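Asker: quick one: sequence and predicted model below, then my questions.
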Protein chains: 2
Amino acid sequence: MELGASPKEVRQAIRQGRYAGGTAGLAAGHVQANLVILPQREAYDFLVFCQRNPKPCPLIEVSDPGNPEPVGVAPGADLRSDVPRYRVYRDGQLEAEVTDIADRWRDDFVAFLLGCSFTFESALLQAGVPVRHIETHRIVPMFRTSLACRPAGRFRGPTVVSMRPIPAPLVPRAVTVTARYPMAHGSPLHVGDPARIGIADVMRPDWGDPPTILAGEEPVFWACGVTPQAVALEAKPPLVITHAPGYMFITDLPDHALAVL
Amino acid sequence: MELGASPKEVRQAIRQGRYAGGTAGLAAGHVQANLVILPQREAYDFLVFCQRNPKPCPLIEVSDPGNPEPVGVAPGADLRSDVPRYRVYRDGQLEAEVTDIADRWRDDFVAFLLGCSFTFESALLQAGVPVRHIETHRIVPMFRTSLACRPAGRFRGPTVVSMRPIPAPLVPRAVTVTARYPMAHGSPLHVGDPARIGIADVMRPDWGDPPTILAGEEPVFWACGVTPQAVALEAKPPLVITHAPGYMFITDLPDHALAVL
């Protein structure tokens, strides 16, 4: 995929099967989003869950039932085909990983798009704050915490966080830069001692790669988009479809559209 | 009502019938909220409407169906009795104005609390930005605009704005101070020429009192909490209950809880 491609060009390449890889770095400067698709029966409680837990679950779009076009953030896009890889879960169990869900789409499906950390990581880099897992081509380490989400109906569970080690003098800047993006998880949930948020061993993440924390760096924790996925799966609804990790939906929104304005 | 009373004390006085007036200035430093109550059947579309129109409809709490306690923002409070004056509408028509809705409460009622302009007006005053209608003991002028809200199901309509004349050199400060409160309508939608947002005559508001705009002042327009009420009424649901204008629900949240942090 050429790096200068527009969001629409990348989505078309994905739709036509010409691109099937991860989306990190593509359509730079545009918002990428986590995807959760639920039947409308479950969608009400999930909406309330997102309202009650805005840091891990920043909702940027809710589709009309049965309509696969996210008109608010990407007119003309098709959520049945424009994500490179989907995961289909039945009763909380992975049933299939597929590149298209047109044959599975139903008239009562509601798609939720949630802001993702790519947006604030791009802002950190532009502000001169290094992001270790990007420099080292690893997956950001993610952890279950002791911070419970506020439940809504069947949806409940712990807040999941991602961790980035930040040189101590740059911690204030990392906070203020990401605070400008509440629709992409916003400011950190925690800085420093991992035990304070229930993380026993910061070197053993629940998802992603173990971190490298250098002398003079503080671990900084942000709410993570894995939270709504984990919560949606633990609720074991009859059917839920998500993107595969790292294979996001690319919107037409410029990054600044998510900034506090 | 004594001015130093806590949110809980004010709510108890209202609940017991010892206070029945407007809430402006009470429990200073705490968030007051607009109230919209709908049967759950209508609640889904209203939730999506708020997600799609966050500036006029900043959702700070959604109750569990049938539960009149807004546990997230005022544990122990009772939304059936703790608002000084309610309005009950059937099919979009005002049926009654009452001080208690206990006898009308239903197991399928969902209560929505939305941030209100009192929060950002308090921040403006603390930042040294004068607020004309408060100084002159008038009601802020409000206008229908040509800015359409994004519809959701049966809910649709124009964005309603409130207008405050601000001395031109203080306009930037008025913008940055209110931008910190996206859950209380956030930064202005518009500064200057009212015609640009479809307001034919800024001296003839659709609600509230005509303004006084002095030489050297710019009209500044913020999204207004009348929007969701107007939209809920125009949708003519079988039943909707709201607070009466100026008779708000007082939460336990300190104002800073609504600031971007």
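Answerer: Arrived safely. Numbers count the residues shown, from 1 in each chain, chains lettered A, B, ... in the order given.

Asker: what is the burial count for A:V88?
Answerer: 17 (other C-beta atoms under 10 Å in any protein chain shown). In this view, the C-beta of every residue, glycine as well, is placed from N, C-alpha and C.

Asker: list the buried ones in the helix or strand containing it?
Answerer: Assigned by DSSP states H and E, A:V88 belongs to strand A:86-90. Residues A:86-89 are the ones in strand A:86-90 that count as buried (16 or more other C-beta atoms under 10 Å in any protein chain shown).

Asker: pLDDT and distance to chain B added to those residues, as TSV?
Answerer: Formatted as TSV, those follow (pLDDT from 0 to 100; distance: C-beta to the nearest C-beta, whole Å):
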residue	pLDDT	distance to chain B
A:Y86	97	23
A:R87	96	24
A:V88	96	24
A:Y89	95	23
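
Asker: make TSV out of those residues and add distance to B:A184.
Answerer: Listed next are the buried residues of strand A:86-90 as TSV, based on distance: C-beta to C-beta, whole Å:
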residue	distance to B:A184
A:Y86	38
A:R87	38
A:V88	40
A:Y89	38
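
Asker: any idea how many residues pack against A:L239?
Answerer: 17.

Asker: revised request: answer the last question for A:V175.
Answerer: A:V175 has 16 nearby residues by other C-beta under 10 Å.

Asker: any idea how far B:V88 is from it?
Answerer: Per C-beta to C-beta, to the nearest Å, A:V175 is found 46 Å from B:V88.

Asker: partner strands of the strand holding A:V88 and their direction?
Answerer: strand A:93-98 (antiparallel), strand A:239-243 (antiparallel) (DSSP bridges).

Asker: out of the ones you listed, which is the most enclosed?
Answerer: Highest mean neighbour count of these: strand A:239-243, a mean of 22 (counted as mean count of other C-beta atoms under 10 Å in any protein chain shown).

Asker: where does chain A come near chain B, residue by residue?
Answerer: With C-beta under 8 Å from any C-beta of the partner chain as the criterion, chain A meets chain B at residues A:40, A:43-44, A:47-48, A:51-52, A:59, A:62, A:64, A:72, A:150, A:152, A:179-180, A:182, A:186-187, A:260-261.

Asker: quick one: buried ones out of those residues?
Answerer: A:43-44, A:47-48, A:51-52, A:59, A:62, A:64, A:72, A:152, A:180, A:182, A:186-187, A:260.

Asker: which residues touch the helix or strand of chain A with the lowest mean pLDDT?
Answerer: Within chain A, confidence by mean pLDDT, DSSP states H and E is lowest for helix A:226-234 among all helices and strands, at a mean of 91. The contact list for helix A:226-234 (C-beta atoms under 8 Å, 6 or more residues apart in numbering or on different chains) reads A:34, A:36, A:38, A:46, A:49-50, A:53, A:56-57, A:89, A:92, A:112, A:114, A:142, A:144, A:149, A:155-160, A:162, A:207, A:240, A:242, A:245.

Asker: and the residues you listed, which of them are buried?
Answerer: Buried members of the contacts of helix A:226-234, counted by 16+ other C-beta under 10 Å: A:34, A:36, A:38, A:46, A:49-50, A:53, A:56-57, A:89, A:112, A:114, A:142, A:144, A:149, A:155, A:157-160, A:162, A:207, A:240, A:242, A:245.

Asker: now, these that are in helices?
Answerer: A:46, A:49-50 (DSSP state H).

Asker: pLDDT for the residues you listed - can I get that in TSV?
Answerer: Listed next are these as TSV, based on pLDDT from 0 to 100:
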residue	pLDDT
A:F46	96
A:F49	97
A:C50	97
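
Asker: make JSON lines out of those residues and add distance to B:S81.
Answerer: Shown next, in JSON lines, are those (distance: C-beta to C-beta, whole Å):
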{"residue": "A:F46", "distance to B:S81": "31"}
{"residue": "A:F49", "distance to B:S81": "28"}
{"residue": "A:C50", "distance to B:S81": "30"}
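
Asker: hmm, back to that, buried sites along the least confident helix or strand of chain A?
Answerer: A:226-233.

Asker: cool, stretch A:131-141 as well?
Answerer: Within stretch A:131-141, the residues that qualify as buried are A:131-134, A:140-141, counting by 16+ other C-beta under 10 Å.

Asker: out of those, name the ones that lie in strands.
Answerer: The strands, defined by DSSP state E, take in nothing from these.

Asker: report pLDDT for the closest residue to A:G225 other than its chain neighbours.
Answerer: Take A:G225 and drop its neighbours on the chain: the residue closest to it by C-beta to C-beta, 6 or more residues apart in numbering or on different chains is A:N34, 4.3 Å away. A:N34 is assigned a pLDDT of 96 by the prediction.

Asker: ok, and the closest non-adjacent residue to A:L79?
Answerer: A:P68 (4.5 Å).

Asker: check A:D100 too.
Answerer: Leaving aside its chain neighbours, A:D100 sits nearest to A:S81 (5.1 Å; criterion: C-beta to C-beta, 6+ apart).

Asker: which residues in chain A form strands?
Answerer: Here chain A has its strands, by DSSP E, at A:30-39, A:59-62, A:86-90, A:93-98, A:109-115, A:142-148, A:158-167, A:190-191, A:217-223, A:239-243, A:249-254.

Asker: okay, the angle between the first one and strand A:86-90?
Answerer: Here strand A:30-39 runs at an angle of 20 degrees relative to strand A:86-90 (axes from the mean of the first three to the mean of the last three C-alpha atoms, to 10 degrees).

Asker: now strand A:30-39, how far from the chain's geometric center?
Answerer: Taking C-alpha atoms, centre = their mean, to the nearest Å, one finds the center of strand A:30-39 at 8 Å from the center of the full chain.

Asker: go on, the third one?
Answerer: Strand A:86-90 has its C-alpha centroid displaced from the chain centroid by 16 Å (C-alpha atoms, centre = their mean).

Asker: repeat that for the last one.
Answerer: Centre-to-centre, strand A:249-254 and its host chain are 13 Å apart (C-alpha atoms, centre = their mean).

Asker: mind listing what it pairs with, with the direction of each?
Answerer: Partners of strand A:249-254 in its sheet, by DSSP bridges: strand A:30-39 (antiparallel).

Asker: cool, and the shortest one?
Answerer: Strands flanking strand A:190-191 in the sheet, each with its direction: strand A:217-223 (antiparallel) (DSSP bridges).

Asker: could you list the domains of chain A?
Answerer: A:7-20+A:28-117+A:228-254, A:120-227 (automatic domain parsing).

Asker: quick one: terminal-to-terminal distance for the shortest one?
Answerer: In terms of C-alpha to C-alpha, to the nearest Å, the two terminal residues of domain A:120-227 are separated by 17 Å.
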